[in-house]
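Q: here is my input; please provide its structure:
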Amino acid sequence: MGTAMTAPTLRDLQLARRRLAGLVRRTPLVDSPSLSGRNGVPVRLKLENLQETGAFKLRGATNRLLRLSDAERARGVVTVSTGNHGRAVAFAARRLGLPAVVCLSELVPENKRAAIRALGAELRVTGRSQDEAEEEANRLVRDKGLVYVPPFDDPDVIAGQGTLGLELVEDFPEVEEVLVPLSGGGLIAGVALAVKGSLPDARIVGISMERGPAMYHSLQAGRPVAVEEEASLADSLGGGIGLDNRYTLPLVRDLVDEVVLLSESEIAAGMRHLFREERLVTEGGAAVGVAALLAGKAGGEGRTTAVVVSGGNVDMDAFLAVVTEQR
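A: Numbers count the residues shown, from 1 in each chain. Reported below is the predicted structural model:
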């Protein structure tokens with residue numbers, strides 16, 4: 001079955017969860033005594049860093065591949081990624097016996113490249129931005145007939161990521177605010193659909209970095225805009241949202257209550273806190289929710305809070321430099 005061309009609904013998330021049963025982990029939602037004590041209300045962490053490929057992206061990638069027709073599967077797939085989506089596509093494709101090509105920019109760390117290679121996908125590294133890497137993916141679609149698997153702006157991908165939100169609401173029905181890393185918007189769109197579908201008064205806050213936050217600038221402009229991609233501790237949040245964005249920008253505009261931007265030092269503080277207080281190894285993009293709490297940019301109104309810790313696929317040398325305050 002091919003991808004539907006309409007925006008996903010709560011029903012699509014529920015169908016995705018059935019489809020993904022046994023193929024992705026139901027990740028734990030754990031109390032954070034340190035953050036709860038600091039904020040004076042319960043704060044819980046949704047640990048997608050414990051997903052099988054180390055990040056939430058496995059949900060959306062697997063759901064998208066399961067929705068391919070037999071003819072599409074025979075052609076093979078291609079995607080563009082800042083690392084985690086590519087790894088998820090490679091993992092899901094190998095499980096389903098599909099050939100896969102992953103296009104990355106030169107900004108993607110070597111540890112993420114190596115993980116994709118280890119899963120048997122063909123790797124193409126080209127350009128200094130995700131947009132340039134996407135040009136290579138589009139060329140392979142055009143010249144080789146591969147099926148493109150979008151990293152975020154796709155109804156099936158959004159629905160797959162939203163299964164995380166369904167779990168969160170079931171495990172924490174009293175949640176009043178959810179902090180979600182924000183990049184292309186697939187994760188936060190899916191989570192917002194899930195949370196507001198059951199808890200319409202809950203606040204959804206997107207967290208991104210100050211260096212090249214494409215969705216933030218697109219929301220400000222009221223249309224997709226191109227931004228210069230910059231190196232950041234939150235490398236997984238880099239890249240544009242696509243100038244032909246159809247789904248995530250409208251969903252984020254309609255469902256997300258606030259967007260917060262963080263400095264590099266604030267992101268580093270979030271990584272250090274998760275390591276020292278919660279004993280968690282996380283990448284910068286996954287630590288932004290906690291970083292926003294520590295910086296006083298979210299969670300200051302006495303609302304019970306859930307924080308999505310989206311992944312742990314970090315270069316360990318860079319991570320150690322951050323948590324030992326060498327960076």
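
Q: rest of the way, CA atoms for contacts and neighbours
A: Fine.

Q: relative to residue 127, how far out is residue 161?
A: Separation of residue 161 from residue 127 (Cα to Cα, to the nearest Å): 28 Å.

Q: more neighbours, the two?
A: residue 161 (29 against 17; other Cα atoms under 10 Å).

Q: just the pLDDT for that one.
A: The model reports residue 161 with a pLDDT of 98.

Q: who's in contact with it?
A: Residue 161 sits next to 56, 57, 59, 60, 186, 187, 190, 191 when contact means Cα atoms under 8 Å, 6 or more residues apart in numbering.

Q: what's the first one in contact with, if anything?
A: Taking Cα under 8 Å, 6+ apart, we find residue 56 in contact with 48, 49, 161, 164, 310, 311.

Q: now swap in the third one and tell me
A: For residue 59, the residues meeting the contact criterion (Cα under 8 Å, 6+ apart) are 20, 24, 157, 160, 161, 163.

Q: got JSON lines for the contacts of residue 161, with pLDDT, distance to residue 324 and secondary structure too?
A: Shown next, in JSON lines, are the contacts of residue 161 (pLDDT from 0 to 100; distance: Cα to Cα, whole Å; DSSP: H, G, I helix; E, B strand; the rest coil):
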{"residue": "56", "pLDDT": "97", "distance to residue 324": "27", "secondary structure": "coil"}
{"residue": "57", "pLDDT": "96", "distance to residue 324": "28", "secondary structure": "helix"}
{"residue": "59", "pLDDT": "98", "distance to residue 324": "32", "secondary structure": "helix"}
{"residue": "60", "pLDDT": "98", "distance to residue 324": "34", "secondary structure": "helix"}
{"residue": "186", "pLDDT": "97", "distance to residue 324": "32", "secondary structure": "helix"}
{"residue": "187", "pLDDT": "98", "distance to residue 324": "30", "secondary structure": "helix"}
{"residue": "190", "pLDDT": "98", "distance to residue 324": "35", "secondary structure": "helix"}
{"residue": "191", "pLDDT": "98", "distance to residue 324": "33", "secondary structure": "helix"}
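
Q: and the helices in the stretch 201-327 of the chain, which stretches?
A: 214-221, 248-255, 264-278, 288-294, 316-323 (DSSP state H, counting those that start in this stretch).

Q: hey, which of those is tucked in deepest?
A: Highest mean neighbour count among the helices of the stretch 201-327 of the chain (mean count of other Cα atoms under 10 Å): helix 288-294, with a mean of 27.

Q: mind saving the C-alpha coords of it as CSV?
A: Extracted in CSV, the C-alpha atoms of helix 288-294 (Å, rounded to 0.1, in the frame of the first residue of the first chain):
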residue,chain,number,x,y,z
VAL,A,288,17.5,20.0,24.4
GLY,A,289,14.4,19.4,26.5
VAL,A,290,16.3,19.0,29.7
ALA,A,291,18.6,21.9,28.6
ALA,A,292,15.5,24.2,28.2
LEU,A,293,14.4,23.2,31.8
LEU,A,294,17.8,24.0,33.2
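
Q: got the buried residues for stretch 194-203?
A: Of the residues in stretch 194-203, 194, 195, 196, 197, 199, 202, 203 count as buried by neighbour count, 16 or more other Cα atoms under 10 Å.

Q: now, which of these lie within strands?
A: Secondary structure assignment by DSSP state E places residue 203 of the buried residues of stretch 194-203 in strands.

Q: number of nearby residues for residue 206?
A: Neighbours of residue 206 under the rule other Cα under 10 Å: 28.

Q: ok so, going back, just the contacts of residue 161 now: which is nearest residue 143?
A: Among the contacts of residue 161, residue 60 lies closest to residue 143 (Cα to Cα), at 25.7 Å.

Q: that closest one contacts residue 155, doesn't it?
A: No: using Cα atoms under 8 Å, residue 60 is not in contact with residue 155; the gap is 9.3 Å.
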